[in-house]
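Asker: What follows is a protein structure lacking sequence information:
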């Protein structure tokens, strides 16, 4: 059995470079990372250090320059672009800082939207969406449009959308970045609940030490690699 068999995410000797004009910009350098099932990891590091690149690699939105990315036992390098789209619809949930809700759709319809890529029938899609909205406490806002919701409620709809396909892995890119303190706390409480009660594996990129404290462990990106970190030590070094 592979040493990474229990991992939801395994990065094996992954390097990622981008080309700017004719200059190579290294982001990750020969990185190996192991995230077990049920983990809740916060990732911190300076802007431009590659935190969002990590999420994009785990989602199959970027491909590594070298190395392998394995998520839930699937080597993403073995999939075509069409195969990656199908795989994402079955395995992945993504939460964005800017919510990315469709303004012309209700909360229910926004949550259903990614399920259109699955074989679920309309009645099944509606059932999944209703269940996801119930988890985030917004079943009474199902018929509301984004403009009728607060920022915190919009982010909870976005979380419901990410949960609608019962994902193996939830990726959160600065999920509290656009929220006031009270709404941010509500969203973090929800993420902790998803991890504690549903066993959802979560990778959260954040600049906020208060958000990072809610995760089970913290990784800090340093010189193209991820290292285990202590939030108190990071704050003291600032």
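Answerer: Cool, the structure landed. Since the model is a prediction, treat every value here as computed from it, not as a measurement.
Asker: what comes up buried for stretch 137-150?
Answerer: 138, 141-142, 144-146, 149 (16 or more other C-beta atoms under 10 Å). No exception for glycine: its C-beta is placed from N, CA and C like everyone else's.
Asker: Quote the end-to-end distance of it.
Answerer: 14 Å (C-alpha to C-alpha, to the nearest Å).
Asker: Would you check the distance separating that stretch from the middle of the chain?
Answerer: A distance of 22 Å separates the centroid of the chain from that of stretch 137-150, by C-alpha atoms, centre = their mean, to the nearest Å.
Asker: Let me see the ranges of the helices in this structure.
Answerer: Remark: helices assigned in the chain by DSSP state H are 51-58, 81-91, 107-112, 122-135, 151-163, 181-198, 209-212, 231-236.
Asker: With residue 51 as the reference, measure out to the residue nearest to the spatial centre of the chain.
Answerer: The centroid of the chain falls nearest to residue 171 when counting by C-alpha atoms, centre = their mean (0.7 Å). In this view, residue 171 and residue 51 are 11 Å apart by C-beta to C-beta, to the nearest Å.
Asker: next one: residue 148
Answerer: For residue 148, the distance to residue 51 equals 33 Å [C-beta to C-beta].
Asker: Residue 170 too?
Answerer: For residue 170, the distance to residue 51 - C-beta to C-beta - is 16 Å.
Asker: cool, and residue 185?
Answerer: For residue 185 relative to residue 51 (C-beta to C-beta), the value is 22 Å.
Asker: more neighbours, those two?
Answerer: residue 51 (25 against 16; other C-beta atoms under 10 Å).
Asker: quick one: contacts for that one?
Answerer: 43-45, 205, 221 (C-beta atoms under 8 Å, 6 or more residues apart in numbering).
Asker: could you dump these to TSV with neighbour count?
Answerer: Shown next, in TSV, are the contacts of residue 51 (neighbours: other C-beta atoms under 10 Å):
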residue	neighbour count
43	25
44	22
45	20
205	26
221	23
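Asker: give the contact list for residue 221.
Answerer: By C-beta under 8 Å, 6+ apart, the contact set of residue 221 is 43-46, 49-51, 54.
Asker: Point out the least confident member of the residues you listed, please.
Answerer: Lowest in pLDDT among those is residue 49, which has 79.
Asker: What is the neighbour count of it?
Answerer: 19.
Asker: Was I right to think the residue nearest to the centre of the chain contacts residue 95?
Answerer: Yes. Using C-beta atoms under 8 Å, residue 171 makes contact with residue 95 at a distance of 7.0 Å.
Asker: Out of the contacts of residue 221, which comes closest to residue 91?
Answerer: Proximity of the contacts of residue 221 to residue 91 (C-beta to C-beta) peaks at residue 54, which lies at 16.7 Å.
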